[in-house]
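Asks: Need a 3D model of the sequence below.
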Amino acid sequence: MCETLIADGIASGAGEKLATFAIKCLAVGGGFLVGYFVGGAIAWALDRWVLAHKAPDQLKKACSVICGIALAIIVALIVFGEGGAGLFGGGGSSGDKKGTQAPDDTGKQQPAPVVPKEEPKKEVPKKEDPKKEVPKTTPGDVRIAILGEADVRPGKDGEGMFYQIDNESAPKTLTELKKTISDRRDATKTEVVLVFRFAKEPLSDTHPEMKRRSAWVKEAKLLSRFE
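Replies: Take a look at the predicted model:
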């Protein structure tokens, strides 16, 4: 029984291929006939409207044959080439070359991809800057503010009034500051510590006034610091 089924399957497959081949051959023959008649119609029209019935019959017949052969070749390329399976083999109109159908788009909305939730970033505690140690005040401290270029006014002999003692409103020149500090040292009989600070914009170390101040402090052997 198995041998009978196998034989039937082989016979049915061979018969299907033979029928397909025959249909393709008929299509090629039909293409030749159509091309033959179309070529004859074209030759007749050219002979009547262009050549004034002067074309020989052999030329008109050759035109029909050439047109028939050309159309038959075109049909043969279609049915026996890659397009043959689609035209006569029942293959799908879409999909791969083997005739398999592409999967249908049912129109169902695809589920959105699941995006993993990001864990909240842990805040790194900021490192606190170490607090600067404030030097201890002494009874002999004299706080002196150094003014910026924009706030300086000329004093006696054209000398700039760069210095202002905190408890005094009037600025002083370096010469006046020297006298004030000297008088205080003589009156208090204690060691004086000069505590300098910049009122607004600091002056650079290369500024002429800063050089004069440093030379005086060093020469007079005074204790000083900057806040």
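Asks: now K211: how far from G81?
Replies: 100 Å (C-beta to C-beta, to the nearest Å). Quick note: C-beta positions are derived from backbone N, CA and C, even for glycine.
Asks: Who are the packing partners of the longest helix seen in the chain?
Replies: Criterion DSSP state H: the longest helix present in the chain is helix 2-49. Helix 2-49 is packed against helix 57-80, helix 84-88, with contacts defined by 3 or more C-beta pairs under 8 Å, 6 or more residues apart in numbering; DSSP states H and E.
Asks: Please produce a markdown table containing these, extended by distance to G35 and mean neighbour count.
Replies: Formatted as a markdown table, those follow (distance: least, C-beta to C-beta, whole Å; neighbours: other C-beta atoms under 10 Å):
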| stretch | distance to G35 | mean neighbour count |
| --- | --- | --- |
| helix 57-80 | 3 | 16 |
| helix 84-88 | 18 | 16 |
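Asks: With respect to E191, which of these lies nearest?
Replies: helix 84-88 (111.2 Å; C-beta to C-beta).
Asks: Give me the residue at the spatial middle of this structure.
Replies: V115 (21.9 Å; C-alpha atoms, centre = their mean).
Asks: if I pick E191, what's in contact with it?
Replies: Contacts for E191 (C-beta atoms under 8 Å, 6 or more residues apart in numbering) come out as 140, 185, 223.
Asks: Quick check: the gap between the last one and L194.
Replies: With distances taken as C-beta to C-beta, L223 is found 7 Å from L194.
Asks: Report how many residues lie close to G35.
Replies: By other C-beta atoms under 10 Å, the residues close to G35 number 22.
Asks: ok, it to K200 distance?
Replies: G35 is 103 Å from K200, by C-beta to C-beta.
Asks: what does F21 give?
Replies: 105 Å.
Asks: Output the lowest mean pLDDT helix or strand found in this structure.
Replies: Within the chain, no helix or strand scores below helix 84-88, which has a mean of 47 by mean pLDDT, DSSP states H and E.
Asks: quick one: I146 and D166 touch, right?
Replies: No - taking C-beta atoms under 8 Å as the definition, I146 is not a contact partner of D166, at 11.9 Å.
Asks: Can I get stretch 140-157 as CSV, trimmed to CA atoms?
Replies: This file holds the C-alpha atoms of stretch 140-157, laid out as CSV (Å, rounded to 0.1, in the frame of the first residue of the first chain):
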residue,chain,number,x,y,z
GLY,A,140,47.7,95.3,70.6
ASP,A,141,45.9,94.5,67.3
VAL,A,142,45.5,97.4,64.9
ARG,A,143,43.1,96.6,62.1
ILE,A,144,44.0,98.5,58.9
ALA,A,145,41.9,98.4,55.6
ILE,A,146,43.8,98.8,52.3
LEU,A,147,41.7,100.6,49.8
GLY,A,148,41.6,99.9,46.1
GLU,A,149,42.8,102.1,43.3
ALA,A,150,39.3,103.5,42.6
ASP,A,151,38.8,104.6,46.2
VAL,A,152,42.2,106.2,46.7
ARG,A,153,42.5,110.0,47.0
PRO,A,154,45.7,112.0,46.8
GLY,A,155,47.0,113.3,50.2
LYS,A,156,49.9,115.5,51.2
ASP,A,157,52.7,115.7,48.7
